[in-house]
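1. Dropping a prediction and its sequence here:
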Amino acid sequence: MMPEHDKTFSDSGSMKRVLLTGASGFIGQHAIAPLIARGYDIHAVSSSPRETASASMRCHRTNLLDAPALARLMQQIQPTHLLHFCVVCRARRVLAFF
């Protein structure tokens, strides 16, 4: 028997829908397989989305800094969960952070 928090369906009976930002990054890529294995409907957002062979995952190319585009995406997907692994790094050198 699965723990309560691992149920694929929410308390209302609707499918759990995950919005995954940074899906093409190191952490995001490693989050995909466990979510698929648990039967989640994944909406992966990236500035460079990848092709997918899984019916459980849809890829979206969206600039998360574009508030109107993000609002449209949220309205379209209506996620029940958010995994935010996106990072914006504009430093040319590591020392620029210090």
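-> Structure's in. What do you need? Residues are numbered from 1 along each chain as shown.
2. Let me know the secondary structure of the residue most central in space within the chain.
-> Taking Cα atoms, centre = their mean, the centroid of the chain lies closest to residue 20, which sits 0.7 Å from it. Of the three states, residue 20 takes strand under DSSP: H, G, I helix; E, B strand; the rest coil.
3. contacting residues around it?
-> 28, 31, 32, 35, 42, 43, 44, 45, 83, 85 (Cβ atoms under 8 Å, 6 or more residues apart in numbering). The C-beta positions use only the backbone N, C-alpha and C, and glycine is treated the same way.
4. for those, which one is nearest residue 75?
-> Lowest distance from residue 75 to those (Cβ to Cβ) belongs to residue 43, with 12.3 Å.
5. Same question for the helix or strand hosting residue 82: list its buried residues.
-> Using DSSP states H and E, residue 82 maps to strand 81-84. For strand 81-84, the neighbour count (16 or more other Cβ atoms under 10 Å) marks residue 83 as buried.
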